[in-house]
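Trainee: After the sequence you'll find the predicted model.
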Amino acid sequence: MPRRRRNGPAVGLFGRLGAGNIGNDATMEVVLAGIRARQPSVVIDCMCSGPEEITRKHGLPAQHLHAFHTQPRGRRGPARTIARIAAGAVVDAWRTAAWVRRHDAVIVPGMGTLEATLQERPWQMPWSLFLLGVSGRLFGVDVAFLCVGASHIPEPANRWLMVTGARLAHYRSFRDSRSRDELAAMGVPCRADAVFPDLVLSLRRPETPAPDGPLTVAVGVMAFRGSNTERGRSEAVHATYVDAMVRAVVRLLDAGHRVRLVIGDAEDRDTALAIEEQVLARRAGAAGYLPFAAASSFDEVLAQLAACDVVVAARYHNLVAALVLHKPTLAIAYGDKHESLLASMGLPGHTLPIRTLDVELLESRVVALHRSREQVEGLLRQHHEAVLAEVDRQFDELDSALFGQRRTSPSSSRSMP
């Protein structure tokens, strides 16, 4: 059994953190602040996708989610690939169990953890979530899925692994009621679980000067290749998406607007550069095109969006950043979560489908949003104030669920290595 100690509880953060997704890393920062405000002596470490970055940025001990997280060099036959996956799954089972048992609680911080809107293999995050749930139950460690997103999971293997992991959790909360309903429909007893706003919405709006000059549109782009059901034609899906975004940007430029491309994940950079290249080939020297600069943090995304009048984006946390800034916002949606997010902030119907994007409609919606910007900004300001209180309540509830019985007996906590 782990040896006891007399300082604060040992808490692990678990998930796709430190790997270039700006929204996920912003979520982690909010969670760190929320936990430390209530448990000042807490000891935190991570099992995540980018341990080096987490240690560099936050000074936290961290290890990788997967033992074999690097791709082998050269070609490998199917037999060797399968053997490598199987060996990795076995090693990860041991590693995850050994890591989980050292903690009082492990938290999966927000994010679209239980979604199937993008591509995921069973031996990737689904297997990790399954191992987390089983290990928590096996060693009596409380596992919390904190304010997560969920969707219907059509692939049987992914669904069973992810649903089992969520079912075994000690605590769950969701970032919208649709996520809770989807998980309940797949057999998780979560109808009574709480729903709170996305945690990153609790960030305070920075003071920034109002944009001046012509209407400036931030166009958030991503490396969109469809869901698991589209894996066989993912490159065709990506090409169609890039073409649609090029046409959308050209349409906005031709209407006399300025345009700035924005990303929300390091993997989006190449897509943004491809869109930029094609836009400039079609409209060489366009005065309204603002050169692309890849953001690498949520603060940088906020700074880029603050200089724009209207935001059009696909990445969920690009939309969240726009809402934090009280910007008129239009989502290019690849899942129901976009509508849920915007509706929760008083902007229902502010979405367009990513797979059948109508660029003329997009430009007209942008103009309409800009015309009603004062009304939209006032509405977002009102909703944002309510969000701040709700997220504060989320952390109070989490603290009670995980540490309520430990407050008078800190010596009951497990040791960190």
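Mentor: Structure received. Numbers count the residues shown, from 1 in each chain.
Trainee: drop to CA atoms for contacts and neighbour counts, all remaining ones
Mentor: Noted.
Trainee: what about the stretch 1-150 of the chain, any weak spots by pLDDT?
Mentor: Applying pLDDT under 70 to the stretch 1-150 of the chain flags residues 1-6, 68-82, 84-85.
Trainee: Which parts of it are helices?
Mentor: Applying DSSP state H, counting those that start in this stretch to the stretch 1-150 of the chain gives helices spanning 22-38, 51-58, 78-100, 125-139.
Trainee: likewise the stretch 201-350 of the chain?
Mentor: Counting by DSSP H, counting those that start in this stretch, the helices of the stretch 201-350 of the chain are 234-254, 269-282, 298-306, 316-324, 336-344.
Trainee: just to revisit the earlier point, now the helices of the stretch 1-150 of the chain in JSON lines, with mean neighbour count?
Mentor: Compiled in JSON lines, the helices of the stretch 1-150 of the chain are given as follows (neighbours: other Cα atoms under 10 Å):
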{"stretch": "helix 22-38", "mean neighbour count": "19"}
{"stretch": "helix 51-58", "mean neighbour count": "16"}
{"stretch": "helix 78-100", "mean neighbour count": "15"}
{"stretch": "helix 125-139", "mean neighbour count": "22"}
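Trainee: could those be laid out in TSV, adding distance to D399?
Mentor: Formatted as TSV, those follow (distance: least, Cα to Cα, whole Å):
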stretch	distance to D399
helix 22-38	7
helix 51-58	22
helix 78-100	19
helix 125-139	18
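Trainee: Ok, which of the ones you listed comes nearest A294?
Mentor: Across the helices of the stretch 1-150 of the chain, A294 has its closest neighbour in helix 22-38 (11.2 Å, Cα to Cα).
Trainee: ok so, going back, nearest to D212, of the helices of the stretch 1-150 of the chain?
Mentor: helix 22-38 (27.2 Å).
Trainee: now could you export just the CA positions of the closest one as CSV?
Mentor: Output of helix 22-38 as CSV, limited to C-alpha atoms (Å, rounded to 0.1, in the frame of the first residue of the first chain):
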residue,chain,number,x,y,z
ILE,A,22,-4.8,25.3,-27.2
GLY,A,23,-8.2,24.8,-25.8
ASN,A,24,-7.3,21.7,-23.8
ASP,A,25,-4.3,23.4,-22.3
ALA,A,26,-6.4,26.5,-21.4
THR,A,27,-8.8,24.1,-19.7
MET,A,28,-6.0,22.6,-17.7
GLU,A,29,-4.9,26.1,-16.5
VAL,A,30,-8.5,26.8,-15.3
VAL,A,31,-8.6,23.5,-13.5
LEU,A,32,-5.2,24.0,-11.8
ALA,A,33,-6.4,27.4,-10.5
GLY,A,34,-9.7,26.0,-9.3
ILE,A,35,-8.2,23.1,-7.4
ARG,A,36,-5.4,25.1,-5.8
ALA,A,37,-7.8,27.8,-4.7
ARG,A,38,-9.7,25.2,-2.6
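Trainee: Against W99, how distant is P353?
Mentor: P353 sits 41 Å away from W99, going by Cα to Cα, to the nearest Å.
Trainee: Same question for F196.
Mentor: Here F196 is placed at a distance of 29 Å from W99 (Cα to Cα).
Trainee: What of R373?
Mentor: 49 Å.
Trainee: repeat for V195
Mentor: Distance, V195 to W99, by Cα to Cα: 29 Å.
Trainee: Might you report the residue contacts of the residue nearest the centre of the chain?
Mentor: By Cα atoms, centre = their mean, the chain has its centre lying nearest to M111, at 3.8 Å. For M111, the contact set (Cα atoms under 8 Å, 6 or more residues apart in numbering) comprises G23, N24, T27, C147, V148, G149.
Trainee: Contact partners for the nearest residue to the last one once chain neighbours are set aside?
Mentor: Excluding the flanking residues, the one nearest G149 by Cα to Cα, 6 or more residues apart in numbering is G112, at 4.3 Å. With contacts defined as Cα under 8 Å, 6+ apart, the neighbours of G112 are V148, G149, A150.
Trainee: Show me just the buried residues among those residues.
Mentor: Buried members of the contacts of G112, counted by 16 or more other Cα atoms under 10 Å: V148, G149, A150.
Trainee: Switch those over to TSV; also include distance to G136.
Mentor: Below are the buried ones among the contacts of G112 laid out as TSV (distance: Cα to Cα, whole Å):
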residue	distance to G136
V148	18
G149	21
A150	21
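Trainee: which strands and helices sit next to the longest helix seen in the chain?
Mentor: When the chain is parsed with DSSP state H, its longest helix is helix 373-403. Counting contacts by 3 or more Cα pairs under 8 Å, 6 or more residues apart in numbering; DSSP states H and E, helix 373-403 packs against helix 22-38.
Trainee: quick check: angle from the helix it packs on to helix 298-306?
Mentor: 120 degrees (axes from the mean of the first three to the mean of the last three Cα atoms, to 10 degrees).
Trainee: helices and strands around helix 22-38, which ones?
Mentor: So helix 22-38, by 3+ Cα pairs under 8 Å, 6+ apart, packs with strand 105-109, helix 298-306, helix 316-324, helix 373-403.
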